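Undergrad: coords please:
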Amino acid sequence: MKTTRTISGHSLPLNVLFVILNLAGLTLTTIGFHDHFEGQKMLFASLGIGLMLFSAVALIFFKGRLMIATVSRVIVGSLFIVSGLIKANDPVGFSYKLEEYFEDGALAYRIKEMFGSPGFSLEYFIQHALLLSVIICIAEIVLGVLVIIGGKIRFVSWLLVIMMLFFTFLTWHTSTCDPKTRFVDRDTYSMEIGKESHMANMKIEEAITNKDVKIISKNTKEVVVEELKSPQCVTDCGCFGDAMKGSVGRSLTPKESLWKDIVLLYLVVWIFAAQRLIQPNDVRQNWIYVPISMMLIAGLSWVFDWYFPILFSIVAILAALWVYRIRNKFIGNHYGSALMVTFLCGIFIWYVLRYDPLRDYRPYAVGNYLPDLTKDGDPGKYQSMLVYKNLQTGEKKEYDGSSKEFMNSKIWEKTKEWKYLEMINKEIKPMRLPSIDTAQFNPSRAIKFLSEDELQLEAVKKQLKNKKVMGLRLIDNVTKEKKEIPEIEYNVESYPKDAYTVTDTIEVENPDLTDVSIRDFLFKAPEVIVVFSKSLKEFDLKHLGELKGIAAKAKKAAIPFVFVVGSGDEEIAAFKKKHNLHIPIFINDGVELKAIARSNPALLVLKYGRVKGKYTGNSLPAFNWIQTNLLAK
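TA: Numbers count the residues shown, from 1 in each chain. Model (predicted):
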């Protein structure tokens with residue numbers, strides 16, 4: 001006779017208690033391994049692991065696997081939906097993070113190291129990073145919905161385990177990556193004429209003097225080079241995109257990200273272990289599990305200060321259940337539910353790719369006052385600690401050299417028992433960079449490349465007033481050669497009076513003024529319109545005519561209009577000539593331009609340094625609308 005498995009198991013009260021104890025143990029274990037609780041690590045970890053083992057055995061004995069698996073389904077499903085939506089809100093930004101991992105010295109170095117495969121590379125996937133970004137986002141959301149409603153649990157549980165093993169490996173790599181370590185990398189360079197042949201010849205020459213570079217093989221077509229390199233450590237796994245920074249104020253540390261994935265993997269293992277017991281939700285179960293999931297999603301939405309996930313989750317789950325309930329021969333099943341959620345995700349991702357993230361967590365979001373964001377960093381707090389090692393046990397102790405504990409210990413006198421090792425700077429409070437790094441955001445141009453378009457800008461004219469400084473004309477008494485130098489550089493040690501004669505006081509080029517920057521101008525101007533382009537080669541030309549029209553009207557209204565691009569001076573000159581463009585153009589670091597805007601081009605309207613409007617090429621407003629609705633207020 002077939003027995004029906006119920007969520008209560010042998011005892012509902014006891015299994016509820018054991019589930020609570022298991023989650024409490026999981027929480028205590030996680031806390032125990034957090035840096036803030038280092039002093040109580042053994043206490044929290046021992047108590048937590050003990051509770052987890054005891055309650056896990058009790059749950060199995062009292063047939064409570066279905067109950068903890070159900071709780072895990074609600075937690076995992078809710079987190080997957082929110083995590084997937086946050087990434088799907090900015091798939092381009094997530095693709096940039098994937099590109100970092102695909103760099104040859106990043107994630108690939110682990111594979112090279114673990115499997116002794118120095119030629120392994122993930123660089124092929126860089127060109128497909130956006131596609132992979134979209135697939136991962138949709139997969140997270142679809143799996144989140146299915147695990148909540150109990151759809152195709154056997155298949156879903158396998159996918160959850162695989163995905164969490166991959167994410168855990170990724171965050172483990174991030175948290176343990178040591179930039180000081182070295183690994184063997186093998187690259188093949190073509191010897192045929194071109195850029196790669198130049199690199200090949202450089203490596204051949206370098207191998208003669210650099211012991212870290214070794215030529216493995218060489219022929220007329222290619223050269224194989226082995227080289228000792230340092231890994232490219234990714235400091236932020238990008239688990240929640242820019243959402244953590246934009247809402248909480250900081251991202252999860254690599255170690256915190258790892259423990260977040262370990263916790264999720266643990267919960268997923270319970271789902272996997274109970275996969276044969278889990279059936280699709282009936283109506284009564286949906287009335288219980290879905291509202292609880294919505295409460296969890298609402299809590300996460302509050303943390304991330306974005307409530308769209310609640311609306312999307314309700315629509316996605318109801319749509320998935322509706323498809324399942326229609327009992328159509330072809331789509332009236334959980335595969336149909338998955339397709340429906342995929343379709344909804346596709347619409348959302350299409351929108352944000354065409355326009356912009358629905359919720360902008362980046363520093364350059366509408367409403368932000370940019371000057372303040374250059375000062376919101378924290379230098380952190382560090383303490384000098386003396387490290388001693390016990391000669392018998394190998395135990396290490398750290399002391400604050402000025403503390404009473406250190407003075408009372410007289411450890412420096414116990415030379416037969418303790419050995420002084422080193423002084424370290426221990427991090428008490430981590431350093432946090434400002435949201436906008438002025439070294440990264442500094443639109444500027446070299447003076448020698450300024451055209452009439454840039455020279456007409458008032459901010460440039462003001463800086464060029466300092467182009468000339470007082471100087472001296474000298475004559476070499478022996479060679480009669482004339483020399484002109486800034487007055488500040490003149491001294492008798494460098495230019496002895498018996499060797500040089502000062503003939504005149506003149507104006508010379510200011511050696512300290514080689515570039516002009518418009519950063520301060522953008523931060524202070526009463527009104528300015530800025531077009532950002534991370535690369536003029538990738539500039540979407542179908543929007544150029546519209547931008548020219550806005551620029552022309554801005555000029556009539558005496559409103560500054562500038563371009564800030566990530567291209568070089570020659571490319572800028574060619575672009576302006578080809579498209580008959582007479583607009584001031586300045587250059588900025590391309591990485592920062594990626595953070596400013598995902599589209600190319602993008603338009604920002606600034607008023608006294610505050611972002612009043614931000615638009616992609618596909619949503620450019622009319623100039624009159626900008627003037628009336630953004631600048632007039």
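Undergrad: just the strands in the stretch 101-250 of the chain please.
TA: Ranges of strands within the stretch 101-250 of the chain are 183-190, 213-218, 222-229, based on DSSP state E, counting those that start in this stretch.
Undergrad: what's the closest of those strands to residue 336?
TA: strand 183-190 (47.0 Å; C-beta to C-beta). Placement of C-beta: from N, CA and C, glycine included.
Undergrad: one step back: to residue 50, which of the strands of the stretch 101-250 of the chain lies closest?
TA: So among the strands of the stretch 101-250 of the chain, strand 183-190 is nearest, using C-beta to C-beta, at 39.0 Å.
Undergrad: roughly how far is the closest one from the heart of the chain?
TA: In this view, strand 183-190 has its centroid 27 Å away from the chain centroid, taken as C-alpha atoms, centre = their mean, to the nearest Å.
Undergrad: any idea of the angle that strand forms with strand 213-218?
TA: Using axes from the mean of the first three to the mean of the last three C-alpha atoms, to 10 degrees, one finds that strand 183-190 and strand 213-218 are set 40 degrees apart in direction.
Undergrad: For strand 183-190, the averaged confidence score.
TA: Mean pLDDT, strand 183-190: 81.
Undergrad: can you check stretch 58-69 too?
TA: 92.
Undergrad: Just the buried residues of stretch 267-276, please?
TA: By 16 or more other C-beta atoms under 10 Å, the buried positions in stretch 267-276 come out as 267-275.
Undergrad: Now do the SS call for the residue nearest to residue 519 when sequence neighbours are not counted.
TA: Nearest in space to residue 519, with sequence neighbours left out and distances taken as C-beta to C-beta, 6 or more residues apart in numbering, is residue 442 at 5.1 Å. Following DSSP: H, G, I helix; E, B strand; the rest coil, we place residue 442 in the coil state.
Undergrad: May I have the phi/psi pair for residue 442?
TA: Main-chain dihedrals, residue 442, degrees, to the nearest 10: phi -150, psi 70.
Undergrad: so it touches residue 593, yeah?
TA: No. The criterion here is C-beta atoms under 8 Å, and residue 442 misses it with residue 593 at 11.8 Å.
Undergrad: out of these two, which sits in the busier spot?
TA: Shown here are residue 442 and residue 593; by other C-beta atoms under 10 Å, residue 593 has more neighbours (22 against 17).
Undergrad: Need the pLDDT of the residue nearest to residue 519.
TA: 93.
Undergrad: mind checking which of the strands of the stretch 101-250 of the chain is nearest residue 556?
TA: The nearest among the strands of the stretch 101-250 of the chain, by C-beta to C-beta, is strand 183-190 at 54.1 Å.
Undergrad: Please list the outside residues in contact with that closest one.
TA: 104-105, 109, 112-113, 118-119, 196-197, 199-200, 203, 216, 221-231 (C-beta atoms under 8 Å, 6 or more residues apart in numbering).
Undergrad: Narrow these to just the buried residues.
TA: 104, 109, 112-113, 118, 200, 203, 222-227, 229, 231.
Undergrad: so which of those residues comes closest to residue 166?
TA: Using C-beta to C-beta, those come closest to residue 166 at residue 109, 17.0 Å.
Undergrad: how much space between that closest one and residue 178?
TA: 11 Å (C-beta to C-beta, to the nearest Å).
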